[in-house]
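Engineer: turn this into a model:
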Amino acid sequence: MARPYWTGQITISLVSFGVKLFVATEAKGEIHFHQISRSTGERVRQQKVLASAQEARESAPDDAPMAASSMVKKDEIVKGYEYTKGQYVIVEPKELSELRVPSKHTMEVIQFVDAEEIDPEYFEKPYFVVPENDAQAPAFAVVRQALRDEKKIALSKIAFGGREHVVAITPTQDDSLGGMMAYTMRYSEELRDPKEYFRDIKKPAVDEDSLDLAKQLIKRKSAKFDPAKFVDGYEVALKELVQAKIDHAPIPKDEAPAPKKSNVVSLMDALRKSIASPASEDTSDHEAHEEAPAKKKPAAKHAAAPAKGIALVKSGKALKAATKTAKAPKRKSA
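Structural biologist: Numbering: from 1, shown residues only. Next up, the predicted model:
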């Protein structure tokens, strides 16, 4: 198991128990690029230099070397706040670690809210929440079950990564896991005012017949969410590109014609044709099969299914093969 990202206490009034937070996401992309000089093929590296030296270098001849004394080592760099032009307050790492922020060590629950009260745009990054040890498990389990039974989310605050975050704590959707999730949240001032973008949207009267057809279309295309069905088509195409260059093979290109505008001008006609299309067939039977564990398809097959039709590769067959087997050389990121 990975090391916990944060260890501390959750407190609710006089109830307190220790927890550990683990980052719930990871970068899965296998293609990492470096900066390369087009003329020499060498890797380009960034250097930390004094601003005064950089300004002098920009005004000097192109072939003038950068003075070694202008290079700054990593351990010589500290944070500084510019309180007036060219004047900085220096802040040492130790001073930052000693800031008086209680939420560095304790998530005190401020209030509980219904899940539907929080708009999705406020959620930012997920973390797994587990008891710190077996002794904390009873209190952890009681609070978790109470949140689940009452369908509530606990709101608290937590400090890490150079700021204090609002955090939402909720039981996992899968009750058999027995854990909880914590989601860091955006502050209201970080979200742009939606009225600025939505105020010019016209609000015509909704035709009941069109609405009925739209509901039928939604029903026919509804299915249980299976994240394994979704793959990164850009990553698949990028692997093909890199592998083709390594093999000195023809470079895959976007050969799909530009999408033509639909000739259907009637909303009712468009809805009727959508419902009649095989692509909109009812998924309820498929969903029923998916729910049965014995008949559940392997994740790899799900991953290959949506790959068909991606325009960055030549054929569905080639894309399916790339999804399963294409392997570009792994390189460490810069």
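
Engineer: could you give the mean pLDDT of stretch 228-236?
Structural biologist: Averaged over stretch 228-236, pLDDT sits at 87.

Engineer: and the gap between the residue lying closest to residue 89 once chain neighbours are set aside and residue 90?
Structural biologist: Ranked by Cβ to Cβ, 6 or more residues apart in numbering and with sequence neighbours excluded, the top spatial neighbour of residue 89 is residue 81, at 4.7 Å. Bear in mind the C-beta positions are built from the backbone N, C-alpha and C, glycine included. Residue 81 sits 8 Å away from residue 90, going by Cβ to Cβ, to the nearest Å.

Engineer: and residue 159, by the same measure?
Structural biologist: 22 Å.

Engineer: neighbour-wise, which of these two wins?
Structural biologist: residue 159 (18 against 9; other Cβ atoms under 10 Å).

Engineer: quick one, what contacts that one?
Structural biologist: 101, 103, 104, 165 (Cβ atoms under 8 Å, 6 or more residues apart in numbering).

Engineer: which of those fall in strands?
Structural biologist: residue 165 (DSSP state E).

Engineer: could you dump the contacts of residue 159 to TSV with distance to residue 240?
Structural biologist: Shown next, in TSV, are the contacts of residue 159 (distance: Cβ to Cβ, whole Å):
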residue	distance to residue 240
101	48
103	46
104	46
165	39
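
Engineer: ChimeraX command to pick out the buried ones of the contacts of residue 159?
Structural biologist: Of these, the buried ones go into a single ChimeraX selection, burial set by 16 or more other Cβ atoms under 10 Å:
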select :103,165
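
Engineer: so where's this protein uncertain?
Structural biologist: Across the chain, the ranges flagged by pLDDT under 70 are 1, 55-69, 261-265, 279-334.

Engineer: that one: helices as residue ranges?
Structural biologist: 51-59, 93-97, 137-150, 195-198, 208-220, 233-246, 267-276, 284-291, 299-304, 316-325 (DSSP state H).

Engineer: quick check: residue 171 vs residue 124, distance?
Structural biologist: 19 Å.

Engineer: show me which of the two is the more surrounded one.
Structural biologist: Using other Cβ under 10 Å as the criterion, residue 171 and residue 124 rank with residue 171 on top: 22 against 14.

Engineer: roughly how far apart are the more buried one and residue 182?
Structural biologist: Distance, residue 171 to residue 182, by Cβ to Cβ: 11 Å.

Engineer: and residue 140, by the same measure?
Structural biologist: 13 Å.

Engineer: look at those two and report which has more neighbours.
Structural biologist: Neighbour totals were compared for residue 140 and residue 182, and residue 182 leads with 25 against 21 (other Cβ under 10 Å).

Engineer: how about the contacts made by that one?
Structural biologist: 21, 107, 126, 127, 128, 129, 158, 167, 168, 169.

Engineer: mind picking the two most distant members of those residues?
Structural biologist: Pairwise distances across the contacts of residue 182 (Cβ to Cβ) peak at 15.2 Å, for the pair 107 and 126.

Engineer: which of these two has more residues huddled nearby?
Structural biologist: Shown here are residue 107 and residue 126; by other Cβ under 10 Å, residue 107 has more neighbours (25 against 15).

Engineer: that one touches residue 7, doesn't it?
Structural biologist: No: look at residue 107 against residue 7 with Cβ atoms under 8 Å: they stay out of range, at 11.2 Å.

Engineer: which residues are in contact with each of these two?
Structural biologist: Joint contacts of residue 107 and residue 7 (Cβ under 8 Å, 6+ apart) are residue 19.

Engineer: distance check, the residue nearest to residue 49 when sequence neighbours are not counted against residue 88.
Structural biologist: Excluding its sequence neighbours, the residue lying closest to residue 49 (Cβ to Cβ, 6+ apart) is residue 70, at 4.9 Å. Look at residue 70 and residue 88: by Cβ to Cβ, they are 18 Å apart.

Engineer: neighbour count for these two, which is higher?
Structural biologist: residue 70 (16 against 12).

Engineer: separation between the more buried one and residue 86?
Structural biologist: As judged by Cβ to Cβ, residue 70 and residue 86 stand 18 Å apart.

Engineer: try residue 126
Structural biologist: In terms of Cβ to Cβ, residue 126 sits 42 Å off from residue 86.

Engineer: same check, this time on residue 257
Structural biologist: Going from residue 257 to residue 86 by Cβ to Cβ gives 57 Å.

Engineer: do residue 246 as well
Structural biologist: 50 Å.
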